[in-house]
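>>> take a look and give me a structure for this.
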Amino acid sequence: MKILAQSYLIAPNSPKKAFYHIRVEQNATFRYVVTKESGGGNTVWDQRKWEFRDQKAAIAFYLRKIRDKTNPKRRSPRKYQHQLQPTH
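Below is the predicted model:
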């Protein structure tokens with residue numbers, strides 16, 4: 001799979017050091033897959049994948065997820081921030 005975009009988000013004030021890794025990949029059949037892994041510390045607690053037929057829809061979904069997670073007014077106590085490289 002070819003990675004088209006990816007982001008590492010962390011919640012620095014989270015007691016369990018929460019992270020959220022999301023990426024957009026193009027697979028061998030030219031479909032687009034958005035994959036996310038989330039967890040805390042060095043442990044992945046949840047993995048999910050969404051498949052799209054076109055790149056525009058996959059990128060829009062990816063950007064919406066990032067916007068939702070980094071929104072400072074979100075209801076969750078976890079406020080995510082971008083991180084350049086993963087630490088887990």
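
>>> only C-alpha atoms from now on, for both contacts and neighbour counts.
Fine.

>>> which residue ranges of the chain form strands?
2-10, 18-26, 32-40, 43-52, 81-83 (DSSP state E).

>>> among the ones you listed, which is the most enclosed?
strand 18-26 (a mean of 22; mean count of other CA atoms under 10 Å).

>>> about what we covered before: mind putting the strands of the chain into CSV with distance to residue 60?
CSV is the format used below for the strands of the chain (distance: least, CA to CA, whole Å):
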stretch, distance to residue 60
strand 2-10, 11
strand 18-26, 10
strand 32-40, 10
strand 43-52, 11
strand 81-83, 18
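
>>> dig out what residue 9 forms beta bridges with.
Residue 9 forms beta bridges with residue 20, residue 82, as assigned by DSSP bridges.

>>> so what touches stretch 55-74?
Stretch 55-74 is contacted by residues 7, 22-24, 31-34, 51-52, 79-82 when judged by CA atoms under 8 Å, 6 or more residues apart in numbering.

>>> list just the nearest of these to residue 41.
residue 80 (14.2 Å; CA to CA).
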